[in-house]
Structures are given as C-alpha cells and as structure tokens.
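*Asks:* Let me see the structure of the following:
(one chain, ligands or ions: 1)
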Amino acid sequence: MAQTWTHGSEQNETCPKCNSLYRVTTFRLPTRDSDYFDCQVCGDRIREWNDTEVPSFTLIQRGQHEESENK
Ligand SMILES: [Zn+2]
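*Replies:* Okay, here's the model as predicted:
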C-alpha cells in the first residue's frame, strides 16, 4: 500500500533574472522562521519569508548569467 507524505509540497520556481530552475519544497516548522533565499547563479533575491511554512530550494538547472557587466 502506498504511503503518502503530506508534510511537504513541491513546485518549481524560475529565477526571473537568469532563468535558473529550482525545485521548491515547502516545509512546516513548529516555530516561525525568518530567512531568505538568493539565487545561487546570479545572486538575485528570489524569496523572503517570515512564517512557519518555509521553502527549501534545490538547483535543478543553471540559467544564463552574464559574468561581464561593463557599465
Ligand atoms: Zn538567478
């Protein structure tokens, strides 16, 4: 018989800046957690939270990141 875990829900999220693809798993914590996640590729802030439901990001596919910013 299949066992179903309902503690976490999974979804995908894409960085709006470099299009890196992340798997996002949401966990329920007993206490409120305040934190944030920056894109591992371009460093852009993807999400902030202050809640008992916190996301965990796993990088699936790296997006395009232009190393040279000559401005
Ligand atoms: Zn990014």
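*Asks:* so the residue nearest to the spatial centre of the chain bridges to which residues?
*Replies:* Nearest to the geometric centre of the chain sits residue 57, at 3.4 Å (CA atoms, centre = their mean). Residue 57 has these beta-bridge partners by DSSP bridges: residue 24.
*Asks:* ranges for the strands of the chain?
*Replies:* Along the chain, counting by DSSP state E, strands occupy 9-14, 21-38, 45-61.
*Asks:* Please determine whether the longest one lies in contact with the ion.
*Replies:* No: applying CB under 5 Å from the ion, one finds strand 21-38 out of contact with the ion, separated by at least 8.4 Å. For every residue, glycine as well, the C-beta is placed using N, CA and C.
*Asks:* Spell out which parts of this structure neighbour the ion.
*Replies:* Residues of the chain that fall close to the ion, judged by CB under 5 Å from the ion: 15, 17-18, 20, 39, 41-42, 44.
*Asks:* In JSON lines, list these along with pLDDT and neighbour count.
*Replies:* Output for these, formatted as JSON lines (pLDDT from 0 to 100; neighbours: other CB atoms under 10 Å):
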{"residue": "15", "pLDDT": "96", "neighbour count": "23"}
{"residue": "17", "pLDDT": "95", "neighbour count": "16"}
{"residue": "18", "pLDDT": "96", "neighbour count": "17"}
{"residue": "20", "pLDDT": "97", "neighbour count": "23"}
{"residue": "39", "pLDDT": "97", "neighbour count": "23"}
{"residue": "41", "pLDDT": "96", "neighbour count": "18"}
{"residue": "42", "pLDDT": "96", "neighbour count": "18"}
{"residue": "44", "pLDDT": "96", "neighbour count": "13"}
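*Asks:* thinking again about what came up before, is it possible to get JSON lines of the strands of the chain that adds mean pLDDT?
*Replies:* Output for these, formatted as JSON lines (pLDDT from 0 to 100):
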{"stretch": "strand 9-14", "mean pLDDT": "91"}
{"stretch": "strand 21-38", "mean pLDDT": "96"}
{"stretch": "strand 45-61", "mean pLDDT": "96"}
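*Asks:* need the contact list for the residue lying closest to residue 44 once chain neighbours are set aside.
*Replies:* Once flanking residues are discounted, residue 44 sits nearest to residue 17: 4.2 Å by CB to CB, 6 or more residues apart in numbering. With contact taken as CB atoms under 8 Å, 6 or more residues apart in numbering, residue 17 is in contact with 39, 42, 44.
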